[in-house]
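*Asks:* model the following, please.
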Amino acid sequence: MMKKEFNIKKIIPASAMAILLAGSFILPAEPMKQQLSEPENTVSEKIEKEVEQENPFNNIGLIGKSAIVFDIKNNKSIFELNSDEVLPLASVTKMLLAPVAFDILPGETEISIKKEFLQPEGDNGLLVDERWLLKDLVAFSLTVSSNDGARAIASYAGAKNLNIDDYELGRIHFVSLMNKKAKEFGMLKTQIKNETGLDEDEEISGAYSTAREVALMFEKLLLQYPELVGETSEREAKFTSLNGIDHEIKNTNLIVNSIPGIMFSKTGFTDLAGGNLAILFDPGIGRPVVAVILGSTIDGRFEDIQALVKATREYILQEKTEN
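*Replies:* This is a model prediction of the structure:
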């Protein structure tokens, strides 16, 4: 049997054939479009990646070894870098002075500066036999990071708590109370060896903690000791002792005036610790945030905190825009 030849011209009229042939130049476009289109899951991944890249913290570069940005209102971290690594604390340690001192004595308690209180490294102008109110000496010591002031507070308050006249034993007792307060705050990795945070020697720091636990300490101070808020938020301050002696000081946080909404802050620097800085600020109305950098350099700590503050403000702005 012969195979019949199939002739499309006999089946489709000439007018329809013209349309079909014209369409043949268009029809391949659909398969081409399909080839150019990406699979749905690939597009989804691409969108997610783009959204992820919009996070202001993604490409942040820090000099410090450890950092955290903690949102107190929402009880969550919005950025972390080795936040649980135990590192030397330096003078950030002094932030524990205030709650321990105020637990022992009223803020109006009078403290007389003894010669033995002026032995630690650093001189911020305190004078022998000068008399201060405890609350003023605390604010002075935190703002200018006075080691002499910290020694005076710890020695006097500790001795009073034990009802003794031995100020060195009083100081040792006070340091034990600082460790106790740290544990009460939930700072289980924190260890305080002295009230100033100064290095004990070339190998042992005066205090150790983590960025996460420093952030926790700032949260507890805000919630339980709100009278401290504002004490370290000014670039310059003037204190007058009960003797009428004026002390004009500058905050050791050199960028305090460039941080919008800053509530309080504390610097720290020793050979072992490097540069540390912790701040509490409000980048939005009623949105307190703690930013901590540990293990940076003497100048790098300020650059690091500025970077964290900038990223935090952008993060919160994005959050408001999305909502």
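
*Asks:* how about the secondary structure of Asn58?
*Replies:* At Asn58, secondary structure determined by DSSP: H, G, I helix; E, B strand; the rest coil is coil.

*Asks:* so the nearest residue to Lys65 once chain neighbours are set aside, which state does it fall into?
*Replies:* Nearest non-adjacent residue to Lys65, counting by Cβ to Cβ, 6 or more residues apart in numbering: Gly295, 3.2 Å away. The C-beta positions use only the backbone N, C-alpha and C, and glycine is treated the same way. Recorded secondary structure, Gly295: strand (three-state DSSP).

*Asks:* again with Phe117
*Replies:* Classified using three-state DSSP, Phe117 is helix.

*Asks:* hang on, isn't it packed against Gly158?
*Replies:* No. The criterion here is Cβ atoms under 8 Å, and Phe117 misses it with Gly158 at 12.0 Å.

*Asks:* who touches both of those two?
*Replies:* Each of Tyr167 lies in contact with both Phe117 and Gly158 under the rule Cβ atoms under 8 Å, 6 or more residues apart in numbering.

*Asks:* low-confidence ranges, the stretch 1-150 of the chain, go.
*Replies:* Applying pLDDT under 70 to the stretch 1-150 of the chain flags residues 1-53.

*Asks:* same thing but at 90, please
*Replies:* 1-54, 59, 119-123 (pLDDT under 90).

*Asks:* ok, which stretches of it are strands?
*Replies:* Using DSSP state E, counting those that start in this stretch, the strands found in the stretch 1-150 of the chain span residues 66-71, 76-81, 87-88, 110-112, 131-133.

*Asks:* nearest to Tyr208, out of the ones you listed?
*Replies:* Counting by Cβ to Cβ, Tyr208 lies closest to strand 87-88 out of the strands of the stretch 1-150 of the chain; the figure is 6.0 Å.

*Asks:* direction included, what does that closest one pair up with?
*Replies:* Each strand paired with strand 87-88, and its direction, by DSSP bridges: strand 207-209 (antiparallel).

*Asks:* next secondary structure after the partner strand?
*Replies:* For strand 207-209, the following helix or strand on the C-terminal side (DSSP states H and E) is helix 211-224.

*Asks:* helices or strands next to that next one in the packing?
*Replies:* Packing partners of helix 211-224 (3 or more Cβ pairs under 8 Å, 6 or more residues apart in numbering; DSSP states H and E): strand 66-71, strand 76-81, helix 97-104, strand 262-270, strand 274-281, strand 289-296.

*Asks:* okay, those, which one's buried deepest?
*Replies:* Ranked by mean neighbour count, these are led by strand 289-296 with a mean of 28 (mean count of other Cβ atoms under 10 Å).

*Asks:* quick one: contacts of that strand?
*Replies:* Residues contacting strand 289-296 (Cβ under 8 Å, 6+ apart): 62-72, 78, 85, 87-89, 210-211, 214-215, 218-219, 273-283, 301, 303-305, 308-309, 312.

*Asks:* can you check stretch 98-117 too?
*Replies:* The contact list for stretch 98-117 (Cβ under 8 Å, 6+ apart) reads 126-135, 137-138, 142, 148, 151-158, 160-161, 167-168, 174, 177-178, 181, 220-221, 224-225, 227-228, 242.

*Asks:* at 7 Å instead, please
*Replies:* Residues from elsewhere that reach stretch 98-117 (Cβ atoms under 7 Å, 6 or more residues apart in numbering): 126-135, 137-138, 142, 148, 151-153, 155-157, 160-161, 167, 174, 177-178, 181, 221, 225, 228, 242.

*Asks:* now a PyMOL select for only the buried ones of the residues you listed.
*Replies:* A single PyMOL command selects the buried members of the contacts of stretch 98-117 (16 or more other Cβ atoms under 10 Å):
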select buried, resi 126+130+132+133+134+135+137+138+142+148+151+152+153+155+156+157+160+161+167+174+177+178+181+221+228
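
*Asks:* among the contacts of stretch 98-117, which lie within helices?
*Replies:* 134-135, 137-138, 142, 148, 151-153, 155-157, 160-161, 167, 174, 177-178, 181, 221 (DSSP state H).

*Asks:* residues near Leu216, how many?
*Replies:* When neighbours are counted by other Cβ atoms under 10 Å, Leu216 registers 23.

*Asks:* surely it touches Leu188?
*Replies:* No. With contact defined as Cβ atoms under 7 Å, Leu216 does not count as touching Leu188 (9.9 Å).

*Asks:* what's the helix or strand for Gln306?
*Replies:* Element membership for Gln306 (DSSP H and E) is helix 300-322.

*Asks:* got a list of contacts for that helix?
*Replies:* 54, 56-57, 60, 62-64, 67, 69, 78-79, 254-255, 259, 275-277, 279, 281, 283-284, 287, 289, 291, 293, 296.

*Asks:* what residues are up against Phe269?
*Replies:* Applying Cβ under 7 Å, 6+ apart, the residues contacting Phe269 are Ala90, Gly275, Asn276, Ile298.

*Asks:* what bridges to it?
*Replies:* Going by DSSP bridges, Phe269 forms beta bridges with Gly275.

*Asks:* what's the separation between it and Pro226?
*Replies:* Distance from Phe269 to Pro226, counting by Cβ to Cβ, to the nearest Å: 28 Å.
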